[in-house]
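Engineer: task: produce atomic coordinates for the following.
(2 chains)
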Amino acid sequence: MMEWARQSLEQVELSRPPRMEEPPLALSPAEAEKLIDEYHPDRAGKARTIHAGPCAGGQLFPLELADLLESDSPLPANFDPSIDVETDVLILGGGGAGVASALDLESSGLNVHLATKLRLGDSNTVMAEGGIQSALGPEDSPQRHYADAFVGGHGDNDPELLRILCGQGPESIRWLTGKGALFDRDPDGSFRLRAGGGTSTPRVLACRDYTGLEIMRVLRDALLTGPTNLLQNHSAVELLDNGAGRVTGAVLWDSQTGKLVTVSARAVILATGGSGQLHYQGYPTSNHFGATGDGLVLAYRQGAGLIHMDSCQYHPSGSIFPEALAGQLVTESIRSMGAHILNAQGQRFIDEMTYRDVVASAIIREAAEHRGVQTPAGKRGVWLDTPLIERKHGEGTLRRQFPGLIHRFARYDIDPAKQPVLIYPTLHYQNGGVKIDTGCRTEVDGLWAAGEVTGGLHGTNRLMGNSLLDIIVFGRRAAESVRQNLPERGEVTLSQLKKYREELNKVGHRPQTVSPQIFPLASRRKIEIADC
Amino acid sequence: MDQNQEDEIAGQISSGETVEIHLAGEPIRARAGATIAAALWEAGMGKSIQIGCGGGVCGACTVSLRFKDGRPGGTDLACMRPVEEGMEIFPFPVDSIPPVAPVREPSSEKLRKLFPTLDRCTKCGACTTACPMSIPVMDSVLRMQEDKMEAVAEDFNTCIHCGLCRAVCEDKVKPHNMGLWVRRSLGMSGDFDQLERLIDAPQNDDAKEDWQYLLSGDPQERLARAKAFRAEGKRP
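Structural biologist: This is a model prediction of the structure:
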């Protein structure tokens, strides 16, 4: 296997002994900034302003998202909402944030419906591998966690949101373990903490390289024993409002029957996640099937402001060979355990544990300047020297600590314990999103938001392990805020949608397509609405 | 379009190799090297199989497979399994069943009460064969009977709850449900002293001063302060 890369692999083998104990390459802040500026996809100029809504003419949006924000609703022109389901709280999204919200609403006595486009738990949460940050170490503190994340986010983070995130780390781990989540422990029984890119002290808890899977399966199991009403295979296609600027429900599309379902709710929590499946600039993605940015479109049409939408996280280590695994994640923990990143000549070219945007930019530069390895499919990547972990920490370490990695590649007769894997940046996380305050309230009454769909918390570059913490802290916080601020039931109208359509019309914009997109383009699936 | 993408498209066009697969009897030309899921999308048949994550960890896209030439078929995930010439694919979605709430200090005895089919296992091994994650499912069921809870938790570390082990069991044993019950039960029974101490520690003046230091000033000053804090690991 990988005969085509034999020459380069030999160079990796040859360079391994001398670089085993080498310190990471030094990189000045100015050099890092220059790398990002020249090679990070966010700086490639593939963004534009949009013509309507609260952010019109202001901030930049990736081209693919800008088109969707300016598209028309899939609802038929004559659609008139008549209530099918009446509930107190409608949660949109069945990943970690939505389920955390639902669990904390269980004791409220409120009627709660959770609608999810796919099945409960089919989400980016389940795909998160490396871990969850929480300041538990002897040298650590929430303040230190904050400082690391703030510097990593280029100081663009909302300070109050970030302070809440870091302060709630230990409590979130207690909540998760109380539900039965098992995190890896050291021989002395304390939680095992690893470093992540940009952490100044070990702070990342993990369940091998299946941390998100562990969290999601535990939360899903917990939710299923409770009172929450589930609407699986129900995509939100439009939010409803009371005619006076308050969100009062949503129209869902049942992908099994094609029917539309109108839900009246006193509060709506948006937990629809990210947008990697929009494949900005043609990048592969590590995101789940449903990550098409639906929530951004829905919130924006209601007049909710978005922030940092031109900032995306391209995870440095997406796998690039074999073809069937293209874009899928190889966890950052591999690097925190000491694996080097190497070009075709077997040389290191970047400090592997610096910030993700810097590492990704360095890999893109290496490939662009023809120092990468070309796959039979014509893609270029660089090596992640996984066998180095076995040399450093003993044989069998990868199999014990990264069973997911070993299992995925075994299908293709590749053993990462014996040979390095090829990587290239993959579209991984939506740094920006819907603006929220410290109570997870969006700029529109009646609409709360939590998790990846929101922006501001992580600034313009998120640290590893802060998104799993985000969904727990802010998912729960949204629930608390809804309990304290629950509005009365309002009528359900499409007046915000009508306004948005008029605004687009006024600026002479002719929508080319409909949004939310619901499905990745590659799937060739489209929303098909059955006759009502 | 950058060089990488141009090269990618060139590579796909130049290879152009295809194989014939069948979806529930219907023949499809599929790109060699594609996963079953990608092949079905490209054929416009995306609706035929439910996809969740597309990365082998959610268990939505279970299929059963066979080969006309007698090669062993079995079950797998459509998002992970590459197509092969002559592959026959049948969608095999598995519905979830209501969970059983975990308890502290799990044991075989408690497990047996909640999952009465535990001892019906006839050691046929179908569950182990069906598992797309290579979990030694049957062995683990035996370990459940023998009260080896820690080992069971380890076995099911990589379980994606696709449900195939339960679906293929003729004796209504529910391996993955029991596996999660054991894991959650052990998780709840853990030692949380470390956490309790940290959470209950009163916010001292030092921490308050830290926050004041980190949160005051204009954005540029805040960033400089965070950098200084980070460099020392504490307020300089």
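
Engineer: where does pLDDT dip in chain A?
Structural biologist: Within chain A, the ranges that satisfy pLDDT under 70 run A:1, A:532.

Engineer: the same query, at a cut-off of 90, please.
Structural biologist: Along chain A, segments meeting pLDDT under 90 span A:1-2, A:21, A:26, A:77, A:189, A:323, A:377, A:507-513, A:531-532.

Engineer: show me which residues of whichever helix in it runs longest are buried.
Structural biologist: Taking DSSP state H as the criterion, chain A has its longest helix at helix A:466-484. Neighbour-count burial for helix A:466-484 flags A:466-479, A:481-483 (criterion: 16 or more other Cβ atoms under 10 Å in any protein chain shown). No exception for glycine: its C-beta is placed from N, CA and C like everyone else's.

Engineer: is chain B within reach of that helix?
Structural biologist: No - for helix A:466-484, no contact with chain B is found by Cβ under 8 Å from any Cβ of the partner chain; the gap never falls below 13.6 Å.

Engineer: against which helices or strands is that helix packed?
Structural biologist: For helix A:466-484, the packing partners by 3 or more Cβ pairs under 8 Å, 6 or more residues apart in numbering or on different chains; DSSP states H and E come out as helix A:96-105, strand A:132-133, helix A:159-167, helix A:169-179, helix A:211-224, strand A:260-270, strand A:447-449.

Engineer: ok, now with 6 Å
Structural biologist: helix A:96-105, strand A:132-133, helix A:169-179 (3 or more Cβ pairs under 6 Å, 6 or more residues apart in numbering or on different chains; DSSP states H and E).

Engineer: next helix or strand past that helix?
Structural biologist: Proceeding N to C from helix A:466-484, the next assigned helix or strand is helix A:495-506, under DSSP states H and E.

Engineer: alpha carbons of that next one, as PDB, please.
Structural biologist: As requested, the backbone C-alpha atoms of helix A:495-506 are provided in PDB (Å, rounded to 0.1, in the frame of the first residue of the first chain):
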ATOM      1  CA  SER A 495     -44.300  38.600   8.400                       C
ATOM      2  CA  GLN A 496     -40.500  38.600   8.900                       C
ATOM      3  CA  LEU A 497     -40.000  36.400   5.900                       C
ATOM      4  CA  LYS A 498     -42.300  38.700   3.900                       C
ATOM      5  CA  LYS A 499     -40.300  41.700   5.000                       C
ATOM      6  CA  TYR A 500     -37.000  40.000   4.000                       C
ATOM      7  CA  ARG A 501     -38.400  39.000   0.600                       C
ATOM      8  CA  GLU A 502     -39.500  42.700   0.100                       C
ATOM      9  CA  GLU A 503     -36.000  43.900   1.100                       C
ATOM     10  CA  LEU A 504     -34.300  41.600  -1.400                       C
ATOM     11  CA  ASN A 505     -36.700  42.700  -4.000                       C
ATOM     12  CA  LYS A 506     -36.100  46.400  -3.300                       C
END
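
Engineer: next one: that helix to chain centre, how far?
Structural biologist: In terms of Cα atoms, centre = their mean, to the nearest Å, the centre of helix A:495-506 is set 30 Å apart from its chain centre.

Engineer: re earlier: who's in contact with the longest helix of chain A?
Structural biologist: A:89, A:96-97, A:100-101, A:104-105, A:108, A:128, A:132-133, A:149, A:165, A:168, A:172, A:267, A:269, A:439-440, A:448, A:450-451 (Cβ atoms under 6 Å, 6 or more residues apart in numbering or on different chains).

Engineer: likewise for stretch A:332-345?
Structural biologist: Contacts for stretch A:332-345 (Cβ under 6 Å, 6+ apart): A:8, A:11-12, A:130, A:194-195, A:197, A:348-349, A:352, A:366, A:371, A:373, A:382-386, A:388-389, A:392, A:464.

Engineer: mind checking which of those are in strands?
Structural biologist: A:Val373, A:Val382, A:Trp383, A:Leu384 (DSSP state E).
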